[in-house]
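A.B. asks: got a structure for you, letters missing:
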């Protein structure tokens, strides 16, 4: 993830951004803080990169008010072709005007683990006092993967869901906040899920929750098989758990 100023210059990145740059044969000094991300898009020259540059410019100009996602190619050296979703969201100052943009990328059809770990970074950065104007919740909403944030309490109380989760589950966000996570599971799995969650609370880690897939109950009464990956985020000594869900089609 990267943060851009009003001119499209990178003013902040997370560790995953630098790691991605290195893994793909790049130099973090040339795609990190102080570099014009717009210049990088222009230099790439392909249609997708030019489209991404146009979206960033429109976002910085205040013409795009909602997060926008574009699919771009980015293959590792000597590796197979790969495509990445790149989400651009406006960052607003205290007056409400656009002061910059956030850019977050993930591999198309990503593993839920990579999504959860990126979200962990997003939440942590969004809470830092040295990132004015950054709204972590807008960034999470821009993510195409289904995301749920769960409180560290005995009920697994849902404190946030993104729009992708609303689409997946069929529920409105207002219907989910404050509910226990197990209420969205199939009855025959809710007890097992509660046991897994309590074990996770005792020993948090970043990775898959249990073995195999679990059944998520949708608002329509159907079930969606989901793989769940968790990552803990700590604020003032208190944990919030980020759950990333990768689903098959509803049955």
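C.D. replies: Now that the structure is in, tell me what you want to look at. Predicted model, so just to flag it, every value in this text is computed and none were measured.
A.B. asks: Where does the prediction get shaky in the stretch 101-250 of the chain?
C.D. replies: 107-139, 142-144, 205-207, 210-212, 234-238, 248-250 (pLDDT under 70).
A.B. asks: what are the ranges of the helices in it?
C.D. replies: For the stretch 101-250 of the chain, applying DSSP state H, counting those that start in this stretch gives helices covering 112-126, 136-142, 163-169, 173-176, 187-202.
A.B. asks: Skip the chain neighbours and tell me the closest residue to residue 9.
C.D. replies: Excluding its sequence neighbours, the residue lying closest to residue 9 (Cβ to Cβ, 6 or more residues apart in numbering) is residue 36, at 5.2 Å. (Glycine included, C-beta is placed from N, CA and C.)
A.B. asks: Hmm, the one you found is touching residue 2, no?
C.D. replies: No. Applying Cβ atoms under 8 Å as the test, residue 36 and residue 2 come out as separate, 11.5 Å apart.
A.B. asks: what is in contact with those two at once?
C.D. replies: With contacts defined as Cβ atoms under 8 Å, 6 or more residues apart in numbering, the residues shared by residue 36 and residue 2 are residue 10.
A.B. asks: Looking at the two, which one has more neighbours?
C.D. replies: For residue 36 versus residue 2, the count of surrounding residues by other Cβ atoms under 10 Å is larger for residue 2: 20 against 15.
A.B. asks: For the more buried one, give me its contacts.
C.D. replies: Taking Cβ under 8 Å, 6+ apart as the test, what residue 2 contacts is 10, 12, 13, 14, 17, 37, 102, 103.
A.B. asks: tell me which of the residues you listed is nearest to residue 150?
C.D. replies: When the contacts of residue 2 are ranked by distance to residue 150 (Cβ to Cβ), residue 14 comes first, at 22.1 Å.
A.B. asks: Mind checking which of the contacts of residue 2 land in helices?
C.D. replies: 17, 37 (DSSP state H).
A.B. asks: State the pair within the contacts of residue 2 that is farthest apart.
C.D. replies: 14 and 37 (14.5 Å).
A.B. asks: These two: who's more crowded?
C.D. replies: More neighbours surround residue 37 than the other of residue 14 and residue 37, with 22 against 18 (other Cβ under 10 Å).
A.B. asks: separation between that one and residue 169?
C.D. replies: 34 Å (Cβ to Cβ, to the nearest Å).
A.B. asks: and if you look at residue 208?
C.D. replies: Applying Cβ to Cβ to residue 208 and residue 169 gives a distance of 20 Å.
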